[in-house]
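Undergrad: fold the following for me, if possible:
(one chain, ligands or ions: 1)
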Amino acid sequence: MYFEKEITCPFCRKDKTESVPLMYQRLKSNDAGIKFLAEGSIATEISRLPPHKKAKLIEHLTPPSEPKTKLPAGAIVLMALVVSWLSTGSLISSRIGPKIYFWLSVAIVCAVTIPFYSILSLVIENFRRGLYRYKKIKAVWEKQYFCHSCQRVFIPKD
Ligand SMILES: [Zn+2]
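TA: So this is what the prediction gives:
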């Protein structure tokens, strides 16, 4: 069995500490599947915690949330219009003539597609930046420890 090396809390100097991701997992699952914890274990028994205290701990130890991509709805609608314009091309060109249709298509594609792609690349860039920030915060979160004695969170020094 693998034992984590004992980590001492820098605030109260006690070693009743637990990794934050592990503690969070226990909080969320109400200790499901972690019933094997040895007697005299340092860990707080999650199922015995009063609900308000549990909720507070969860809030305290929640990991950072992953960034989400949100494409602007307007841009998507415009792009769909372009696609439908181009896909019904033969129908429209027979009415307005192929030459007008061709130049109209070029105009529409330029007017819609170029802003669409610049919006899209902006969204992607923002997402990448958000993801980078998220990964950094998450890495810090993963290194955190929770002290069962003084209820503080800290990052142990190597
Ligand atoms: Zn402490």
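
Undergrad: alpha carbons only for contacts and neighbour counts from here, please
TA: Noted.

Undergrad: flag every residue of this structure that's near the ion.
TA: Contacts of the chain with the ion, taken as CA under 5 Å from the ion, map to C9, F11, C12, C147, S149, C150.

Undergrad: the first one and F154 touch, don't they?
TA: This points to C9. Yes: counting by CA atoms under 8 Å, C9 touches F154, with 7.5 Å between them.

Undergrad: okay, and the common contacts of those two?
TA: By CA atoms under 8 Å, 6 or more residues apart in numbering, C9 and F154 have these common neighbours: C147.

Undergrad: tell me the secondary structure for L81?
TA: Classification of L81 by DSSP: H, G, I helix; E, B strand; the rest coil places it in helix.

Undergrad: count of residues packed around it?
TA: Residue neighbour count, defined by other CA atoms under 10 Å, stands at 14 for L81.

Undergrad: can you check L120 too?
TA: L120 has 17 neighbours, counted by other CA under 10 Å.

Undergrad: check contacts around the most centrally placed residue in the chain.
TA: Centroid-nearest residue in the chain: E66, 0.7 Å away (criterion: CA atoms, centre = their mean). If you count contacts by CA under 8 Å, 6+ apart, E66 has them with L131, Y134.

Undergrad: related to what we said a few turns ago, specify which member of the residues of the chain next to the ion is nearest to V112.
TA: Minimum distance to V112 across the residues of the chain next to the ion is 55.8 Å, recorded for C147 (CA to CA).
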